[in-house]
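need coordinates for the below:
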Amino acid sequence: MDQSVAIQETLEREENCIIAVQCDVFFDGITESRLLGLVESTTEHAIFIYTHRRMAITADDVSLEDIIPISLDFAVVEVSSPEELAVVGADTRLRVSYQEDALELRLPFGSHSRLFLSEVNRAWSDVCKSPTQAPKFEWISKYHKSNRGQGVVKQALAPLGTKLTKLSQHRKTEKLSDKKGSLEREKGSNNGTQKSKVYSSPESQGFSGREDRDDLVRSSSHTPSNKAQILAMPQFGLRDNLIKCELLKNEDLYTYLGNFSCFLGTYNVNGQTPKESLRPWLSCTSDPPDMYCVGFQELDLSKEAFFFNDTPKELEWTKAVSEALHPDAKYALVKLVRLVGIMLIFYVKKEHAEFISDVEAETVGTGIMGRMGNKGAVAIRFRFHNSDICVVNSHLAAHIEEYERRNQDYKDICSRLQFRQLDPTQPPLTIMKHDVVLWIGDLNYRISELDVDNVKELISKKDFETLHSYDQLKRQIDEEAVFVGFVEGEIDFQPTYKYDTGSDKWDTSEKCRVPAWCDRILWRGKNIEQKHYQSHMTLKTSDHKPVSSLLVIGIKRVNAEAYKKTFEDIVRNIDKMENECIPSVTLSKREFHFNNVKFMQHQAETLSLFNDGQVPCQFEFIQKPNEPTYCKPWLTANPPKGFIAQGGSVDIELEVFVNRLTAPELNSGKQQIEDILVLHLERGKDYFISVTGNYLPSCYGTSIYSLCHLREPVQDMPQETLRELAEMSGDENAVNAEKPLDIPKELWMMVDHLFRYAIKQEDIFQQPGLRSEFAEIRDCLDTGMPDSLPGSNHSVAEALLLFLDALPEPVVPYPFYQQCLESCSSASQCEKVISMLPQCHQNVFNYLSAFLRELLKNSASNRLDVNILATIFASLLLRSPTKQDLAEKRKTQEFFQHFLTQGSS
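Numbering: from 1, shown residues only. Next up is the predicted model:
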């Protein structure tokens, strides 16, 4: 999740948070979590340090603690200990210094930390280019005034020794970088003096230079056995891509398969702490596995775990796992990743650690309007020898009837969980772009069409084959709705959910859950054989039973001599081709038409490129003259750039998606679905691709004024009428012959539905709906068919929020925004501002406020309170015409709370 958004809300309009990263700061042997933001103001940069109370979603979650200006007095040095360097995928420990103060911190391993450090490095390099023009940092003073604490830098460490001049500090770090091969350095040389900011990329953490460390991480020398790292080196010119592509194409010439065993385990621990040894689960194989991937769900069910993004149970369960690994081998911890209660731990045998590279971890939450929740997934990807592997641990939506929601969660995870590549010009790696995908977790699919007694009878007979035929996951896979291309082994163990905690008895609670195989393990890829798939009944800590699978995977290994010969042959051929040939491609077609494009409904067409030239080629969609991007904002090409081997082809998805930013002008007809893409070949010619389509107008992205003047559904209206109304929306003196509706009929339909059916709905406005149901609701509102809204209460609630979010002019129009802020402390003044709104806007505001007050009368059932509703709705009803800072956000919530309390008019 991008936490820079939360920092951005705390800044003035002149400043911009480029990137943020979470870290641990060291205070006298203890660590505390902090959020770092690289903030830019014109040409100056500083690192802002924030305390935070959870995964930072909004400015309410962070508090500014200290600021470190990036000037000539600034330096960053990697100070990881030998023990930390010995762990593959270990986090990076740094010392950040400014003048006489310093701070030690630890950044999590992964590409995002590398990206943060590279941006810091770039900012520092800009300072070094003009050492005579010292930055003044006058803009920082306004933040210091509001932050009167001592500051984290002064608290954390004593000042650096006065004998250690900055120049000797830099010389020391330069010497360190010589040892470490791949440490990055930026230099400024105006006066002949070199000043270098040095930090370690995660790949360099195990490089030679510390004799007493365990030799677990691959050497930095570019030997044939180090081929995996050569292919990931950050050299991304055309020639390097040619070599990389040809190496991958000829992989069979220098690789062979070697078998390695991988233990996969999944356990929903129901918020419990470890109460028994995990050895019956994790050490159930006769021989020690080469790798362990162990996943947990519901690690901590407390609200603190969600809001503070921290839990002592992470350490407790990690310790329990490490103590239960197979006793006949020694293992290295490669990576741990957690999102609230979903955790994944990856270990390898120590002798294999040097062959692990490119380790990345990512998380994705599934929740309302894209917000995090206690459901979602965590994943780790890595390269083992020459095979790319991705391991996913997910916790999907609960409840027996919610299989479609589980399907949606799966698809969201597949599309949104992406790993950055070392080459910043390359698109992120998705889950499916790996040789092997291993998927574990509480997938929550249940057994349908059988009552609890029938299920238990089949279990008592051990007739798992018949029972499995009623399994929702099996049926969804058979229908190719989810997990296409995945394999699951035969299930010959009884369902793993739900038991009375501490026993083997089925659920005896009032709900008496139907037993189900919630906990599953699947895989995707070639040369994989399953040796076992079983549950572990002896463990009784949770209401689930843990599950394990042992897979033997054929991993591609490199033959050093064959690799060397292949590499040299490729280089010779490329030298020859570069001098002789010009690249060219054939396009599958040059005209694309998208029919009946709708608001927030994704459409895609495939453009195939075939390299019919004599050389590999590099392509990119480029900007047209006087245009800021290569395409209109409703269009994307995926990938927008890439590489095609000679005789090879690539499929590019041309994707159309209309959101709240692009809908208004398409609704009114000011813009059309029309664009020309320019496809450029490096050292070759340009190709022109036409994209056209027709857009179906929607109430989403149409103004309140226009909707109040539309008595018929929006799609029944002539385009000219919609254009005229859009032009009149901003004109208070516009005269329309027909009396307008009090409020938009579409808004009335949604609110009336919720008032009738959802007034007591638990977690209303907090639990997401189904995307497919939103599409049906949108179509109903836009066409008038059917008369009543389809979909669940949660889908209608989310549709209402999306409607308000998509309004071109918010319910409280932009000209009144400042008055709202100034009057927020006085209820009477707030009501006076609302009385001044245009009549249709005033009606909508009062109508929504009255509805929300009715919801609050039923808070015992729906679990809503004033703070929750003010947080959700104030940001939609009172949007800032420019960037909204934290103080403004709080004032908008205070303003709206006056209208939610009992007795408001």
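
residue 778 is in contact with residue 697, correct?
No. Applying CB atoms under 8 Å, one finds residue 697 not in contact with residue 778, separated by 11.5 Å. In this view, the C-beta of every residue, glycine as well, is placed from N, C-alpha and C.

from the chain's centroid, how far away is whichever strand or helix holds residue 315?
Residue 315 belongs to helix 313-324 when assigned by DSSP states H and E. Mean C-alpha position of helix 313-324 versus that of the full chain (CA atoms, centre = their mean, to the nearest Å) differs by 26 Å.

the inter-axis angle of the following helix or strand past that helix versus helix 313-324?
Downstream of helix 313-324, the first helix or strand assigned by DSSP H and E is strand 331-339. Counting by axes from the mean of the first three to the mean of the last three CA atoms, to 10 degrees, strand 331-339 lies at 150 degrees to helix 313-324.

in the lengthiest helix in the chain, which residues are buried?
Ranked by residue count, the top helix of the chain under DSSP state H comes out as helix 560-580. For helix 560-580, a neighbour-count test (16 or more other CB atoms under 10 Å) marks 562-563, 566-567, 570, 574, 577 as buried.

tell me which other helices or strands that helix touches.
helix 238-249 (3 or more CB pairs under 8 Å, 6 or more residues apart in numbering; DSSP states H and E).

with only the CA atoms kept, save the helix it packs on in PDB.
Output in PDB follows, covering the C-alpha atoms of helix 238-249 (Å, rounded to 0.1, in the frame of the first residue of the first chain):
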ATOM      1  CA  LEU A 238      19.100  -2.400 -25.900                       C
ATOM      2  CA  ARG A 239      22.200  -4.600 -26.100                       C
ATOM      3  CA  ASP A 240      21.800  -5.900 -22.600                       C
ATOM      4  CA  ASN A 241      18.100  -6.700 -23.300                       C
ATOM      5  CA  LEU A 242      19.200  -8.500 -26.500                       C
ATOM      6  CA  ILE A 243      21.600 -10.700 -24.500                       C
ATOM      7  CA  LYS A 244      19.100 -11.300 -21.700                       C
ATOM      8  CA  CYS A 245      16.400 -12.300 -24.200                       C
ATOM      9  CA  GLU A 246      18.700 -14.600 -26.200                       C
ATOM     10  CA  LEU A 247      19.900 -16.300 -23.000                       C
ATOM     11  CA  LEU A 248      16.400 -17.000 -21.900                       C
ATOM     12  CA  LYS A 249      15.400 -18.300 -25.300                       C
END
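
name every strand pairing with the helix or strand that it is followed by and say which way it goes.
Going down the chain from helix 238-249, the next helix or strand is strand 255-268, by DSSP H and E. Partner strands for strand 255-268, per DSSP bridges, with pairing direction: strand 291-297 (parallel), strand 547-558 (antiparallel).

circling back: quick check: mean pLDDT of the longest helix of the chain?
Mean per-residue pLDDT for helix 560-580: 82.

angle of that helix against helix 238-249?
130 degrees.

report the distance from helix 560-580 to the chain centre.
Distance, stretch centre to chain centre, for helix 560-580: 39 Å (CA atoms, centre = their mean).

with just CA atoms, put it into CSV.
Output of helix 560-580 as CSV, limited to C-alpha atoms (Å, rounded to 0.1, in the frame of the first residue of the first chain):
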residue,chain,number,x,y,z
ALA,A,560,28.8,-23.4,-16.1
GLU,A,561,30.7,-24.4,-19.2
ALA,A,562,27.6,-24.6,-21.4
TYR,A,563,26.5,-21.2,-20.1
LYS,A,564,29.9,-19.6,-21.0
LYS,A,565,29.8,-21.0,-24.5
THR,A,566,26.2,-19.9,-25.1
PHE,A,567,26.9,-16.4,-23.7
GLU,A,568,29.9,-15.9,-26.0
ASP,A,569,28.0,-17.2,-29.1
ILE,A,570,25.1,-14.8,-28.4
VAL,A,571,27.5,-11.8,-28.0
ARG,A,572,29.2,-12.6,-31.3
ASN,A,573,25.9,-12.9,-33.1
ILE,A,574,24.6,-9.7,-31.7
ASP,A,575,27.7,-7.8,-32.7
LYS,A,576,27.2,-9.0,-36.3
MET,A,577,23.4,-8.3,-36.4
GLU,A,578,23.7,-4.8,-34.9
ASN,A,579,25.9,-3.8,-37.8
GLU,A,580,23.8,-5.3,-40.6
